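# Below are the sequence and a predicted model; questions follow.
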Amino acid sequence: MDVERPPLRVGLLRDRLVAPAGPYARLDVVADTGSTNQDLRLAGTAADRVPDRTVLVAEHQTAGRGRAGRQWLAPPRSGLFFSVLLRPAGVPASRWGWLSLITGVALAAAVAEVTGVDARLKWPNDLLLGADQRKGAGILAEVAGGEAGPAVVVGIGLNVSLTEAELPVPRATSLQVEGAVDTNRDALLSAVLLELDRVERRWREAGGDVDASGLRERYRGLCATLHREVRVELPGGRPLLGTAVDVDAAGRLVVRPAGGPDGEPEGEPVAVSAGDVVHVRTVPR
């Protein structure tokens with residue numbers, strides 16, 4: 001049976017989200033593209049064409065990507081696939097790595113408010129939905145350079161109306177599968193973008209300081225990875241086994257290595273960055 005999936009109402013979204021009524025400079029919706037992140041990264045080298053707070057939405061992506069080039073595909077209009085180009089003037093580039101994490105804060109808050117589905121974060125870039133904490137969204141942040149100056153493109157892929165049969169992998173889920181009270185994509189996109197504006201503006205006004213802005217505390221409160229036993233896969237196949245105890249001021253996951261099988265003491269905490277991690281798995285209790 002075909003699932004009815006109406007298109008996004010572009011005029012309504014622009015009225016809500018684009019200046020002067022909204023906080024964004026521009027919002028475009030396309031029927032198909034390879035990757036909204038790639039499109040904005042390529043276009044973002046020209047500041048006059050792609051200003052700060054530009055949004056690109058695709059009804060269907062044919063080459064959507066997650067971290068480490070992992071593929072992210074879904075049927076047309078079954079989710080929200082969009083990217084936002086940000087030029088965070090006044091924030092040191094050393095703090096830009098937090099953009100994917102604070103985007104997760106905004107996404108989790110908006111999804112929970114609109115749909116009633118419990119939404120948590122898996123470090124560094126996944127949204128987990130429902131009691132079983134299956135993956136319902138991914139976030140990818142990439143730097144764009146060029147003559148126009150540096151920018152960050154943050155992309156989100158959120159599963160909205162996919163059925164169980166359409167889910168690509170066993171640990172994936174969608175808002176519909178999790179019993180969302182509302183799966184209207186216009187409402188969801190508006191809520192996510194408005195919450196992202198509030199969160200990113202707070203971060204930007206604090207100069208990217210996640211402690212002064214209170215965003216590290218918010219992230220910790222939403223992060224399902226913390227206080228769990230984890231297996232961190234590092235480059236070269238090296239595993240790190242231990243307990244995730246914190247996310248530090250640089251956005252790194254802090255892991256306290258497990259003790260040895262013969263009663264050896266736990267090691268000193270190790271901080272791992274997203275760029276140095278192949279995968280993080282929680283170890284079943």
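Perfect, I can see it now.

# Would you mind finding the longest helix in the protein?
helix 185-205 (DSSP state H).

# Now it: buried residues?
185-186, 188-197, 199-200, 202-204 (16 or more other Cβ atoms under 10 Å). For every residue, glycine as well, the C-beta is placed using N, CA and C.

# Kindly report the same for stretch 123-133.
Using 16+ other Cβ under 10 Å as the burial criterion, the residues of stretch 123-133 that qualify are 123-130, 133.

# Keep only those of these that are in strands.
Among the buried residues of stretch 123-133, the ones falling in strands (DSSP state E) are 126-129.

# Find the residue ranges of this protein scoring beneath the pLDDT cut-off.
Low-confidence segments of the chain (pLDDT under 70): 1-2, 46-48, 64-70, 72, 260-265, 284-285.

# related to what we said a few turns ago, which single one of the buried residues of stretch 123-133 is nearest to Gly34?
Distances from Gly34 to the buried residues of stretch 123-133, taken as Cβ to Cβ, are shortest for Asn125 (20.0 Å).

# which stretch of helix or strand covers Leu140?
Element membership of Leu140 [criterion: DSSP states H and E] is strand 134-144.

# ok and that strand relative to helix 185-205, angle-wise?
50 degrees (axes from the mean of the first three to the mean of the last three Cα atoms, to 10 degrees).

# What residues does Val114 make contact with?
180, 182, 187-188, 191 (Cβ atoms under 8 Å, 6 or more residues apart in numbering).

# Dump these to JSON lines, plus distance to Leu241.
Below are these laid out as JSON lines (distance: Cβ to Cβ, whole Å):
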{"residue": "Ala180", "distance to Leu241": "35"}
{"residue": "Asp182", "distance to Leu241": "40"}
{"residue": "Ala187", "distance to Leu241": "42"}
{"residue": "Leu188", "distance to Leu241": "37"}
{"residue": "Ala191", "distance to Leu241": "38"}
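
# a helix runs through Gly104, doesn't it?
Yes - per DSSP: H, G, I helix; E, B strand; the rest coil, Gly104 lies within a helix segment.

# Was I right to think it contacts Asn125?
Yes - at 6.8 Å, Gly104 counts as touching Asn125 under the criterion of Cβ atoms under 8 Å.

# joint contacts of those two?
What both Gly104 and Asn125 touch, as defined by Cβ under 8 Å, 6+ apart, is the set Ile139.

# Check the contacts of Val114 against Arg41 and report the nearest one.
Out of these, the member with the shortest distance to Arg41 (by Cβ to Cβ) is Leu188, at 24.3 Å.
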